[in-house]
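Student: Sequence first, then the predicted structure:
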Amino acid sequence: MKKTLFSILFSLALAASLAGCGGAASSTAAARASYSSMDSAPQAYAADAGGTAAEAAGTSDLSDAVQNSADLLPQDGRKIILNATLSIEALDFNATCTALARAAQSCGGYVSSTSIDTPAYEGAYRTAYYQFRIPAEQYSVFLDGAGSAGNLVSKQESTQDVTSAYVDVEARLKSLKLQEERLYAMMEQAGDLETLLAIQNQLTEVQYQIESYTAQQRTYDDLISYSTVDVTVEEVKQITEKTETFGDRVSDAFRRSWRDFGYGAQDFAVGFVAALPTLLVLAVLAAVAVTAARAAVRLHKKRLAGRPAPAPRTPADYAPQNGNEAETGKDAPPSTPPKYK
């Protein structure tokens with residue numbers, strides 16, 4: 001009985017695996033073929049458009065037509081994630097932030113996260129950090145609107161092509177769902193409890209993988225359908241002008257360095273005032289320590305002055321105590337060298 005049950009389970013698992021692998025391979029191949037056909041169609045159109053333009057206006061028109069069609073390739077059926085980072089200077093900080101919010105709202109987007117740094121001391125400038133989620137079809141429109149909200153200092157754009165990964169996820173999901181259907185059919189035909197439990201365990205694993213790949217597919221869909229735009233807004237007193245000549249660059253650098261020096265001086269003054277109580281306590285402790293040291297030195301000098309001075313030593317002090325002993329040692333007076341005639 002056990003051998004028969006084991007053979008049935010092994011045959012069923014092998015058949016489901018082979019069917020799933022075959023379905024995944026065919027699904028992946030079909031999906032990639034469809035995306036390849038999507039990629040080749042714009043290229044063929046570009047070639048036709050280039051040929052027509054060349055007949056009408058020459059070789060330069062042909063290159064322009066090919067270039068314009070190449071710019072549209074990421075839009076034609078591929079899975080592209082769009083990201084951008086903007087840095088904006090604002091003379092009117094509140095007005096610029098409001099204009100950014102309105103631009104996102106008009107494009108159907110929303111603010112994913114925001115952070116505003118407001119220094120504690122008066123006269124300091126504020127900085128805001130925004131992350132916008134904008135529909136992919138309104139991506140360029142929002143960039144134009146955000147750039148006009150203030151002085152656009154820098155703009156960085158990036159794209160990520162996830163077509164291959166997306167196709168793989170779709171193929172795996174299709175294969176897993178096919179396995180799920182076959183496992184349900186096997187459960188209906190199971191003749192005993194042990195076989196039913198074995199099929200149920202395998203079905204649980206397949207369902208877990210389906211949920212995991214479904215969540216991954218939803219993440220891709222969200223990133224593809226809504227682009228991510230990070231915007232930094234910096235409040236300034238004077239906007240950075242676009243310099244071209246060497247003299248303008250030197251002048252702008254000098255103004256910025258002088259402005260930064262002013263900010264640094266203000267920060268130093270604020271820090272000094274904040275540390276002033278600690279400095280006062282340390283100064284008092286140092287004064288007490290110096291006073292105590294001076295008092296100890298004066299007391300020591302007084303003690304030395306109260307002691308009697310030692311009496312001067314006479315030649316008798318250097319005389320030997322025993323006449324038979326030679327005068328030796330450190331206390332003996334120096335001998336007079338003999339005189340030679």
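Tutor: Perfect, thanks for sending it. For clarity, every value in this text was computed on a predicted model and none was experimentally measured. Residues are numbered from 1 along each chain as shown.
Student: does residue 264 count as helix, strand or coil?
Tutor: helix (DSSP: H, G, I helix; E, B strand; the rest coil).
Student: so after the least confident helix or strand in the chain by mean pLDDT, what's the next helix or strand?
Tutor: Lowest by mean pLDDT, DSSP states H and E among the helices and strands of the chain is helix 59-71, with a mean of 37. With elements assigned by DSSP states H and E, the helix or strand that comes after helix 59-71 is strand 80-90.
Student: Quick one: list the elements packing against the following helix or strand past that following strand.
Tutor: With elements assigned by DSSP H and E, the helix or strand that comes after strand 80-90 is helix 93-106. Counting by 3 or more Cβ pairs under 8 Å, 6 or more residues apart in numbering; DSSP states H and E, the packing neighbours recorded for helix 93-106 are strand 80-90, strand 110-117, strand 127-135, helix 139-147, strand 226-235. C-beta coordinates here come from the backbone N, C-alpha and C atoms, glycine included.
Student: residues touching residue 116, list them.
Tutor: 126-129 (Cβ atoms under 8 Å, 6 or more residues apart in numbering).
Student: what do you get if the cut-off is 7 Å, keeping everything else the same?
Tutor: 126, 128 (Cβ atoms under 7 Å, 6 or more residues apart in numbering).
Student: The stretch 201-341 of the chain: helices as residue ranges?
Tutor: 246-306 (DSSP state H, counting those that start in this stretch).
Student: show me where pLDDT drops low in it?
Tutor: 242-244, 248, 306-341 (pLDDT under 70).
Student: now do 90
Tutor: Counting by pLDDT under 90, the ranges of the stretch 201-341 of the chain that qualify are 236-276, 278-281, 283-284, 287-288, 291-341.
Student: Using CSV, lay out the helices and strands packed on helix 93-106 together with distance to residue 253.
Tutor: Formatted as CSV, those follow (distance: least, Cβ to Cβ, whole Å):
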stretch, distance to residue 253
strand 80-90, 16
strand 110-117, 25
strand 127-135, 21
helix 139-147, 25
strand 226-235, 18
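Student: I'd like to know which of those is closest to residue 272.
Tutor: strand 110-117 (22.5 Å; Cβ to Cβ).
Student: coming back round to it: between the helices and strands packed on helix 93-106, which one is closest to residue 161.
Tutor: Of the helices and strands packed on helix 93-106, the one closest to residue 161 (Cβ to Cβ) turns out to be strand 80-90, at 5.8 Å.
Student: got the contact list for the closest one?
Tutor: Taking Cβ under 7 Å, 6+ apart as the rule, strand 80-90 contacts 74, 96, 136, 139, 143, 146, 149-162, 223-224, 227-236, 239-240.
Student: and that strand, average pLDDT?
Tutor: For strand 80-90, mean pLDDT is 94.
Student: Which of the contacts of strand 80-90 are buried? Put it as a PyMOL command.
Tutor: Selecting only the buried entries of the contacts of strand 80-90 in PyMOL, with 16 or more other Cβ atoms under 10 Å as the criterion:
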select buried, resi 96+139+143+146+149+150+151+162+223+224+227+228+229+230+231+233+234+235
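Student: domain parsing for this protein?
Tutor: Structural domains assigned to the chain are 15-78, 79-242, following automatic domain parsing.
Student: Mind putting those into a markdown table with distance to residue 263?
Tutor: Compiled in a markdown table, those are given as follows (distance: least, Cβ to Cβ, whole Å):
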| stretch | distance to residue 263 |
| --- | --- |
| domain 15-78 | 43 |
| domain 79-242 | 8 |
